[in-house]
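Colleague: the sequence and its predicted three-dimensional model are supplied below.
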Amino acid sequence: MRTARSPEDHARDGHDHERTAAGKAALTDALPVQRKVSGAAPPVLMMSPAPRAADAFDFGYAGVVQKKDDPAADAKPPEDDSAEALLISFPDFKIDTESPLGEVGGLGHAGVLLINKKGLTRYYEYGRYKTTDGTKGRVRKVSVPNVVIGEDGKATPASLEKVLASISSNSGKKGRIDAAYFQNVNYEVMEAYAQKKLKESNPEYKEYDKKRAPYTLTGNNCATFAEDVVTQDKDVDKPSIWMHSPVNTVSEYQDEGNAKVTYDPAAKAGSRLDIGEFDEADAKVKK
């Protein structure tokens, strides 16, 4: 049997409804508000589980991924020291002495071949190549084949021979190659330095520097450039070199423990390439 409600009961219920509505409005006002744009319906508000008590009302928009702080994501990756490099000389290459002597042999020309851990190659050389503004000395990058990386993590002899054949033909007047073979080195720092010198010596790049140091036969030449590239890896042991000719510079680095590599295009097939032994302990800086 229902009991009749007095006017006081109805008044009290009215006040209760007002308080409830006010509470809902306050909670709604505390929620993030996103305006409707271009007639699109606003995103649905959803309540996500709180990871801790303080986040009991952690509201997020449905479909939006919230990025969490992850210090490891900003960590610098470790340097890759599994690359290879060859400091190359062309011993039969005659150079212009810019003197009454004209062209002479025995000094050679130099370049540097970089090989990353996946077999990607880059070949750079510095010399008195023609410039458009009369400046002296320019770095150029010559396209060469990539190599195949073998099970030992190094370029296979067959693929390396193809690269050296290309370099001999395009940069060495089809002559012999004598090289110092650096192993377990940092490709990134060498490539970055070579690119820097390429851009500062070629006017098509915004980094071009007309006031850069000019080419000189004794102090800023093809051999010093190639040496500067490989020694960007500070673990490479740098010998004292009294004469920075290409032939002598390569010989000094071979004596330092880097493998001696020779390529002779005139030799019989199968005997054109010879790779010596690499002495890691001697070739790297002692720590």
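Modeller: Done, it's in.

Colleague: how about the helices in the stretch 51-200 of the chain?
Modeller: Along the stretch 51-200 of the chain, the segments classed as helices by DSSP state H, counting those that start in this stretch run 157-171, 187-200.

Colleague: got a markdown table for those, with mean pLDDT, mean neighbour count and distance to Glu256 too?
Modeller: Backbone N, C-alpha and C define where each C-beta goes, glycine included. Compiled in a markdown table, those are given as follows (pLDDT from 0 to 100; neighbours: other Cβ atoms under 10 Å; distance: least, Cβ to Cβ, whole Å):
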| stretch | mean pLDDT | mean neighbour count | distance to Glu256 |
| --- | --- | --- | --- |
| helix 157-171 | 98 | 18 | 21 |
| helix 187-200 | 99 | 18 | 17 |
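
Colleague: for Val147, which of these is the nearest?
Modeller: For the helices of the stretch 51-200 of the chain, the distance to Val147 is smallest for helix 157-171, at 4.1 Å, taking Cβ to Cβ.

Colleague: would you convert the helices of the stretch 51-200 of the chain into CSV that also reports distance to Leu120?
Modeller: Output for the helices of the stretch 51-200 of the chain, formatted as CSV (distance: least, Cβ to Cβ, whole Å):
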stretch, distance to Leu120
helix 157-171, 11
helix 187-200, 8
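
Colleague: mind checking which of those helices is nearest Asp81?
Modeller: Among those, helix 187-200 comes nearest to Asp81, with 8.8 Å by Cβ to Cβ.

Colleague: still on that earlier bit, out of the helices of the stretch 51-200 of the chain, flag the one nearest Thr97.
Modeller: helix 157-171 (19.7 Å).

Colleague: can I get the CA coordinates of that closest one in CSV?
Modeller: Extracted C-alpha coordinates of helix 157-171, given in CSV (Å, rounded to 0.1, in the frame of the first residue of the first chain):
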residue,chain,number,x,y,z
PRO,A,157,87.4,-11.1,-53.0
ALA,A,158,85.4,-11.5,-56.3
SER,A,159,83.2,-8.5,-55.6
LEU,A,160,86.1,-6.4,-54.3
GLU,A,161,88.0,-7.1,-57.5
LYS,A,162,85.2,-5.8,-59.6
VAL,A,163,85.2,-2.5,-57.6
LEU,A,164,89.0,-2.1,-58.0
ALA,A,165,88.8,-2.8,-61.7
SER,A,166,86.2,0.0,-62.0
ILE,A,167,88.4,2.4,-60.0
SER,A,168,91.5,1.5,-62.0
SER,A,169,89.7,2.1,-65.3
ASN,A,170,87.9,5.4,-64.3
SER,A,171,90.5,7.0,-61.9
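
Colleague: got a list of contacts for that helix?
Modeller: Helix 157-171 is contacted from outside by 88, 90, 109, 111, 113, 119, 121, 123, 125, 142, 144-148, 155, 174-177, 179, 261, 263, 265, 272-273, 275, using Cβ atoms under 8 Å, 6 or more residues apart in numbering.

Colleague: do stretch 130-139 as well
Modeller: By Cβ under 8 Å, 6+ apart, stretch 130-139 touches 124-129, 194, 197-198, 201-203, 210, 212-215, 220, 225.

Colleague: those, buried ones only, as a PyMOL selection?
Modeller: Per 16 or more other Cβ atoms under 10 Å, the buried members of those correspond to this PyMOL selection:
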select buried, resi 124+125+126+127+128+194+197+198+201+202+215+220+225
